[in-house]
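Peer 1: This is a predicted model, with the sequence first.
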Amino acid sequence: MNTLFTSRTSLRLVLVGAGLLFGVTACQIAVPPAAPPTNPVPAATAPPPPPATPAVVVVPTPTPAPVPTAAPAPAPGAAFAAYAPKAALYGRLRSVGSDTMNEVLPLWEKEFRLFHPSMRFYCEGKGSSTAMPALLEGRSDVGPMSRPPKDSEVAAFEAKFQYKPTLFRVAVDALAVYVHPSNPLARQGLDFTQLDAVFSSTRTRGGKDDIVTWGQLGLTGEWANAPIRLYGRNSASGTNAFFLEHVLGKGGKYKTSVREMVGSAELVQAVAQDRHAIGYSGIAYSSDAVAALPLSPAPGQPAVPANEEQAHSGAYPLARHLYLVLNLRPHAALLPLQEEWLRFVYSREGQECVRRSGFFSITPEVAAAELRQVGK
């Protein structure tokens, strides 16, 4: 069973301020200027230094904004409630963090604006390692991450604010290892010891030989002497860190021959165009132009396909959650924008956006557990 689904993170998530602005790297959304605020929400007092004052105006409204066309509820989430806004919001939402989540963020933004048309969004998706620094420096309001914050990141946050960030699980991913569809291993798959010998210079899992050709993985004919061309994410990526930790293991190091790609989509496109390539990325970037390998955590164990059922059960060895990090002061009431955004993400509409993006929705039980962190 994958440890992702057997352990609970104790972190608390960060919403630095509530001046919110959401878009996607290279996908800023052009929106007419927001209506002038008429009732600014005052910033809560806090131990120095406090989070930034939110740039959001809340106007109570007895009737909800126009509701988008109803979409089918996600398979595991029929119990998710439809989103109904409690107030009309004006302002912006800034997001800095994961590139992997660039698939779901614009869908959330578009859907949220159907309920709150005066909201503006900005998103910079350059990697999970950029999320916590941006929150600390007041350059963002929410931090999307494809991995939990590191101990060092939490310590830096706590040193500044005197409390920990709050971490919310918002989606499920099956981190996939992609090859060209013509590769004979597409159905057979690989185990972690083989992957370690392919991607690492350290072989901490005990592989005897440095694997550099497809013939060393059992392929014959034209594949026997074909070189394995490696593609990975750059060091700012949470996906890079996740693969390093879970496949290469403690003390593992990538080979210098791994071509580091800035974005997930760029990596998958490179694999699709190279018959001898192998690379890793989130399941939302899968297409008919690549094949996701079934994976086994150890030699002799069955290889498990990267699909929703196996990810939710934990049988797929690279299943993981995707997160939003917020700066929430302990025991303090949520600001209106914080509450509305979280209610939306955990609504039927929010989780349907997750599914449309290609990731897997969380379960209603997980959503309820996450909302209990803020008394909802």
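Peer 2: Arrived safely. Numbering: from 1, shown residues only.

Peer 1: So what sits opposite residue 191 in the bridge?
Peer 2: Following DSSP bridges, residue 191 is listed with bridge partners residue 296.

Peer 1: Tell me who's in contact with it.
Peer 2: 295, 296, 297, 298, 299, 301, 303 (C-beta atoms under 8 Å, 6 or more residues apart in numbering). Bear in mind the C-beta positions are built from the backbone N, C-alpha and C, glycine included.

Peer 1: other SSEs contacting the helix or strand containing residue 171?
Peer 2: Assigning secondary structure by DSSP states H and E places residue 171 in strand 166-174. Packing contacts for strand 166-174, counted by 3 or more C-beta pairs under 8 Å, 6 or more residues apart in numbering; DSSP states H and E, involve helix 308-313, strand 319-326, helix 336-345, helix 348-357, helix 364-372.

Peer 1: Quick check: next helix or strand after it?
Peer 2: Next element after strand 166-174 (DSSP H and E): strand 176-179.

Peer 1: Kindly tell me how buried residue 120 is, as a neighbour count.
Peer 2: 24 (other C-beta atoms under 10 Å).

Peer 1: Was I right to think it contacts residue 92?
Peer 2: Yes: counting by C-beta atoms under 8 Å, residue 120 touches residue 92, with 4.4 Å between them.

Peer 1: And the helix or strand containing residue 96, how far out from the chain middle?
Peer 2: Per DSSP H and E: residue 96 is located in strand 87-97. Averaging C-alpha positions (C-alpha atoms, centre = their mean, to the nearest Å) puts strand 87-97 19 Å from its chain's average.

Peer 1: Stretch 185-197 now?
Peer 2: 24 Å.

Peer 1: For residue 259, give me its contacts.
Peer 2: 229, 230, 231, 232, 270.

Peer 1: If you average the pLDDT over the strand holding residue 96, what comes out?
Peer 2: Averaged over strand 87-97, pLDDT sits at 91.

Peer 1: same question, stretch 269-282
Peer 2: On average, stretch 269-282 scores 97.

Peer 1: How about residue 169: what's its closest non-neighbour residue?
Peer 2: residue 321 (4.3 Å; C-beta to C-beta, 6 or more residues apart in numbering).

Peer 1: OK, contacts around the one you found?
Peer 2: 4, 169, 170, 171, 172, 173, 362.

Peer 1: likewise residue 97?
Peer 2: Residue 97 sits next to 124-125, 127-128, 130-131, 134, 140, 142-145, 325 when contact means C-beta under 8 Å, 6+ apart.

Peer 1: pLDDT wise, what is the closest residue to it other than its chain neighbours at?
Peer 2: Among residues not flanking residue 97 along the chain, residue 131 sits closest, at 3.3 Å (C-beta to C-beta, 6+ apart). At residue 131, the pLDDT value in this model is 96.

Peer 1: next one: residue 338
Peer 2: pLDDT, residue 338: 88.

Peer 1: so it touches residue 326, yeah?
Peer 2: Yes: Residue 338 is within contact range of residue 326, at 6.7 Å (criterion: C-beta under 8 Å).

Peer 1: which one of these two has more residues nearby?
Peer 2: residue 326 (26 against 22).

Peer 1: so what are the domain limits for the chain?
Peer 2: Domain segmentation of the chain under automatic domain parsing yields 3-172+322-372, 176-305.

Peer 1: deepest of those domains, which one?
Peer 2: Of those, the one with the most neighbours on average (mean count of other C-beta atoms under 10 Å) is domain 3-172+322-372, at a mean of 20.
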